[in-house]
Structures are given as C-alpha cells and as structure tokens.
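Enquirer: how would this look folded up:
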Amino acid sequence: MAYDNRVAVLYGVKDLRVESRPTPEPGPGELLVEVRSVGVCGSDVHYYEHGRIGHYVVEQPLVLGHEASGVVVAAGPGADASRVGERVALEPGVPCGRCAQCRTGHYNLCPDVRFFATPPIDGAFARYVTINQEFAHRVPDSLDDDEAALIEPLSVGVWASWRAGLRGGERVLVTGAGPIGLVAAQVARAFGAAEVIVTDVNPRRLALAAELGATSVIDLTRESVPADVGATVLLECSGVPRALVDGIVALAPAGTAVAVGMGPSADAVVPLQLIQNREINLTGTFRYANTYPSAIAMAATGRVQLRPLVTGRFDLDHAEDALTAGSSDPSAIKTVVRPQE
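Expert: The predicted structure is shown next:
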C-alpha cells in the first residue's frame, strides 16, 4: 500500500523532526486511518519541553499527538471493510480487554492499555495510523475534522461530569478555563447544572467561558473564590494544587470534588479535616471510558461547541509551532495539526 507517511517525531527535549516512515499495515481487527486533524494537548507540550511526565519518559523517538480524527482508508483482516471512507474520531487508548479492569467496565484503568503518544506508543502526528476498529468512532458530517479531533478532550469533560454524578440543578465550580475546563463547563450545563462558575487568570479564556454558557466567571488576578459560594460540585481542571484546596473550601457540605487536571507534582495536600467535617466526596479521573458516543452526540447536536476552542491550525512541517503556540500567545487555547496539508 503506497502511501506517503510523514510523521513528526520527538527525539528529545525540544527536538522535533519531520520524517518519512513506512505506512503501517492494519493488523487483525484494525483500520488504517488517514489522519485529518490532531489537537495539541498539554501532555504533548510537556513531553516536548521536558521529555517526561512522571514515570513516562521519552527514551526513544516518539510520535506525539493523541486527539485525532481522520478517514478510514483500509481495513485489516477481520475488520469491517465497509467502513472504508468513513469519517472517524479516534479513541486513543486501546485496552487489553482481558484484565479485571477491562472485564468490569473500567478499561481506562487497564494496566496494559496502549495509549497514543504515551511512551513508548507512537501517536497521531502522522499522515496515517492504525487502530482497533472498535476505537474508531464514526462522526457525522455536521462535525468538521477539527471538532472530530476534539471529541477526545470533550470525553474528559463528559467523564468528569459522570464522576461527579451530575443529575441537574447543581451549582458547579470549574477551576481552570483551559480546553478541558471550557468543555467541562459546557458539559455541566448540558447535564442540567443550574449554575456554572468558572475561574482562571486569563481574561480571554474567561470571556470565552462566558460566551459558551458559564453563568459567571471569576478572574483570580482580581478576586478570590468566595468561601461561601456554596458550590455543590467542584471540577478542578487546572492541575494547580492550590486550586484544588480553594475549590474544596468553597464546597457546600456533602459536596463532591473531582480532580480532573493533572499538574507536574505527584502529590497535593488537601484539607482533610474540612473534608471529614463536611463529608465532602473527593475523587479523581483518569482519562475516560465509554464516553465517545455521548461526546459525539453532544457536539453534533450543538449542546457543546468545540469550534470556538481552536485558535491555531498548522501543517505537519510546523508542528513545533503548534506545540509552542501556548507559550508565545496568551490568547491561544487549542491548536491543531493537520497532517495532510
């Protein structure tokens, strides 16, 4: 199969190179996908800038990118050949399907998951990738390629609301108005939250949060989160340890705190006595499971808007510019790489 498979490969800290590789052959049950759009995630930036995230270390050349969409161009043995030509959003983590976590529906916690752009598994800054057909989700034509790629971060927002147990009527505090915070706030509103309060230090992001449905915003450079805000749910999306503490303090008794953002530190101190005295429920999230159909439906019906999040588009030769856009432009929110351009 003669395709030109150009890829952007991280060889070391701030050493990204574009090169040609053989086009991957889809194995049993796999599809070959022509990648159309890849969102740049904070994890991609962290690998680029530091070469590691926690115990995941870039020890060999690594293709970055895990928020991807594309078009199916071939099917491997046993895969559904009728899917050729189908537009898909790629769920980037393929679990083993055999372990206790997989068998009980918690496949996001599979210890043997193969997740795009997590060392040593290559990602989607490439013209072509292969993936198990069950993790290539059909998207309607009402979603463009960039929106289809952003089903991945939207899934993080959906999972956060599921973990919070949102049923409608809640007062939700979202700390951090990055891409995850912006989708989490929209999902909370779509799930029926009565109020959604978003905090950040970036006025541009706060303005967008308000445009996308937040009922109020708080600029933390000017004011603090009121301790009596009475939030019943905290979705902490910044990864800043202080934000988690302040958010928990702002929760009403019997509230729920969900740690979504992942900062560089492995540890954080929480107000344990307050958690006990108010019977606060504190939980974390790790990626997502079974969220893609819901996320696609929410985006396709307009209950969540993804297009306004995209602030920059780059071809593969300028993938490094996409990775550095956030540090050079404070108005940047989500950049995407388009490998076919």
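
Enquirer: quick one: contacts for Ala193?
Expert: Counting by CB atoms under 8 Å, 6 or more residues apart in numbering, Ala193 makes contact with Leu166, Gly168, Gly169, Glu170, Arg171, Val172, Val233. The C-beta positions use only the backbone N, C-alpha and C, and glycine is treated the same way.

Enquirer: thought the second one was touching Ala188?
Expert: Translated: Gly168. No: look at Gly168 against Ala188 with CB atoms under 8 Å: they stay out of range, at 10.2 Å.

Enquirer: show me which of these two is the more surrounded one.
Expert: Ranked by neighbour count (other CB atoms under 10 Å), Gly168 and Ala188 place Ala188 first, with 28 against 8.

Enquirer: list the helices and strands the helix or strand hosting that one packs on?
Expert: For Ala188, the host element (DSSP states H and E) is helix 179-190. When contacts are defined as 3 or more CB pairs under 8 Å, 6 or more residues apart in numbering; DSSP states H and E, helix 179-190 packs onto helix 151-164, strand 171-175, strand 195-200, helix 203-211, strand 231-236.

Enquirer: out of the ones you listed, which gets nearest to Arg313?
Expert: When the helices and strands packed on helix 179-190 are compared by CB to CB, helix 151-164 sits nearest Arg313, at 16.3 Å.

Enquirer: hmm, back to that, return the set of buried residues in the helix holding Ala188.
Expert: Pro179, Ile180, Gly181, Leu182, Val183, Ala184, Ala185, Gln186, Val187, Ala188, Arg189, Ala190 (16 or more other CB atoms under 10 Å).

Enquirer: any regions of the stretch 1-150 of the chain where pLDDT drops low?
Expert: Within the stretch 1-150 of the chain, the ranges that satisfy pLDDT under 70 run 1-3.

Enquirer: tell me where it has strands.
Expert: Applying DSSP state E, counting those that start in this stretch to the stretch 1-150 of the chain gives strands spanning 5-12, 15-21, 30-39, 52-53, 56-57, 62-63, 67-75, 87-90, 93-94, 114-115, 128-132, 136-138.

Enquirer: mind listing the strands the third one pairs with, and their directions?
Expert: Looking back up the chat, that one is strand 30-39. Using DSSP bridges, strand 30-39 pairs in its sheet with strand 67-75 (antiparallel), strand 128-132 (antiparallel), strand 334-338 (antiparallel).

Enquirer: show me how far the first one is from its chain's centre.
Expert: In this view, strand 67-75 has its centroid 18 Å away from the chain centroid, taken as CA atoms, centre = their mean, to the nearest Å.

Enquirer: and the angle from that strand to helix 151-164?
Expert: Using axes from the mean of the first three to the mean of the last three CA atoms, to 10 degrees, the direction of strand 67-75 lies 120 degrees away from that of helix 151-164.

Enquirer: check the last one too.
Expert: When the same axes, to 10 degrees is applied, the directions of strand 334-338 and helix 151-164 differ by 140 degrees.

Enquirer: looking at Met266 now. What's its pLDDT?
Expert: For residue 266 the amino acid is Ala, not Met. Among the per-residue scores, Ala266 shows a pLDDT of 69.

Enquirer: follow-up on the earlier one: Asp15: which of the strands paired with strand 30-39 is closest?
Expert: Among these, if distance is taken as CB to CB, the winner is strand 334-338, at 17.1 Å.

Enquirer: so which of the strands paired with strand 30-39 is nearest Pro293?
Expert: That would be strand 67-75 among the strands paired with strand 30-39, by CB to CB, at 15.2 Å.

Enquirer: number of residues surrounding Ala268?
Expert: Ala268 has 15 nearby residues by other CB under 10 Å.

Enquirer: output the strands of the stretch 1-150 of the chain as TSV; include the columns mean neighbour count.
Expert: Output for those, formatted as TSV (neighbours: other CB atoms under 10 Å):
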stretch	mean neighbour count
strand 5-12	20
strand 15-21	14
strand 30-39	26
strand 52-53	16
strand 56-57	16
strand 62-63	22
strand 67-75	24
strand 87-90	25
strand 93-94	20
strand 114-115	18
strand 128-132	24
strand 136-138	20
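
Enquirer: select, out of the helices and strands packed on helix 179-190, the one closest to Thr285.
Expert: helix 151-164 (5.4 Å).

Enquirer: tell me the angle the helix holding Ala188 makes with strand 67-75.
Expert: Going by the same axes, to 10 degrees, helix 179-190 makes 90 degrees with strand 67-75.

Enquirer: for helix 179-190, list the C-alpha coordinates in PDB.
Expert: This file holds the C-alpha atoms of helix 179-190, laid out as PDB (Å, rounded to 0.1, in the frame of the first residue of the first chain):
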ATOM      1  CA  PRO A 179      -9.600  23.500  26.900                       C
ATOM      2  CA  ILE A 180     -10.600  20.900  29.500                       C
ATOM      3  CA  GLY A 181     -12.200  23.400  31.800                       C
ATOM      4  CA  LEU A 182     -14.100  25.000  28.800                       C
ATOM      5  CA  VAL A 183     -15.600  21.700  27.700                       C
ATOM      6  CA  ALA A 184     -16.300  20.600  31.300                       C
ATOM      7  CA  ALA A 185     -18.200  23.800  31.900                       C
ATOM      8  CA  GLN A 186     -20.300  23.200  28.800                       C
ATOM      9  CA  VAL A 187     -21.000  19.600  29.700                       C
ATOM     10  CA  ALA A 188     -22.100  20.500  33.100                       C
ATOM     11  CA  ARG A 189     -24.600  23.000  31.600                       C
ATOM     12  CA  ALA A 190     -25.700  20.300  29.200                       C
END
